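A.B. asks: no sequence on this one, just coordinates:
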């Protein structure tokens, strides 16, 4: 498969946080899981593997988004406030 850079893909209005996974759905659309404004780093979990940032609350934006593979436009999203 040849890969090429597509200018302005994805849409310039799309704002992503830390991207944890990228895949394709059955229709060939791009599915992205990201953490929006929450960043995971060395102090996210303690030595007992307990989440240390619960006081930050849930991620307000959709954490899973689906983009049209040709245009980069948002098709759908879900996972906000979970």
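C.D. replies: It's in. A quick note: this is a predicted structure, and the numbers were derived from the prediction, not measured.
A.B. asks: Could you look up the SS state of the residue lying closest to residue 6 once chain neighbours are set aside?
C.D. replies: Closest residue to residue 6 apart from its sequence neighbours, by C-beta to C-beta, 6 or more residues apart in numbering: residue 72 at 7.3 Å. Where you see a C-beta, it was placed from the backbone N, CA and C, and this is true even at glycine. Here residue 72 is recorded as coil under DSSP: H, G, I helix; E, B strand; the rest coil.
A.B. asks: what about residue 72, distance to residue 36?
C.D. replies: As judged by C-beta to C-beta, to the nearest Å, residue 72 and residue 36 stand 18 Å apart.
A.B. asks: Surely residue 73 and residue 11 touch.
C.D. replies: Yes. At 5.6 Å, residue 73 counts as touching residue 11 under the criterion of C-beta atoms under 8 Å.
A.B. asks: Overlap in contacts, the two.
C.D. replies: residue 67 (C-beta atoms under 8 Å, 6 or more residues apart in numbering).
A.B. asks: can you tell me which residues contact the residue nearest to residue 6?
C.D. replies: Applying C-beta under 8 Å, 6+ apart, the residues near residue 72 are 6, 8-11, 14.
A.B. asks: hmm, 7 Å instead?
C.D. replies: 9-11 (C-beta atoms under 7 Å, 6 or more residues apart in numbering).
A.B. asks: Pipe the residues you listed into TSV and attach secondary structure per row.
C.D. replies: Formatted as TSV, the contacts of residue 72 follow (three-state DSSP):
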residue	secondary structure
9	coil
10	coil
11	coil
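A.B. asks: And those, which is closest to residue 82?
C.D. replies: Taking C-beta to C-beta as the measure, residue 82 lies nearest residue 10 of the contacts of residue 72, at 22.7 Å.
A.B. asks: What is the neighbour count of residue 34?
C.D. replies: Residues lying near residue 34 (other C-beta atoms under 10 Å) number 22.
A.B. asks: now residue 48
C.D. replies: 5.
A.B. asks: Please identify the helix or strand for it.
C.D. replies: Residue 48 belongs to no helix or strand when assigned by DSSP states H and E.
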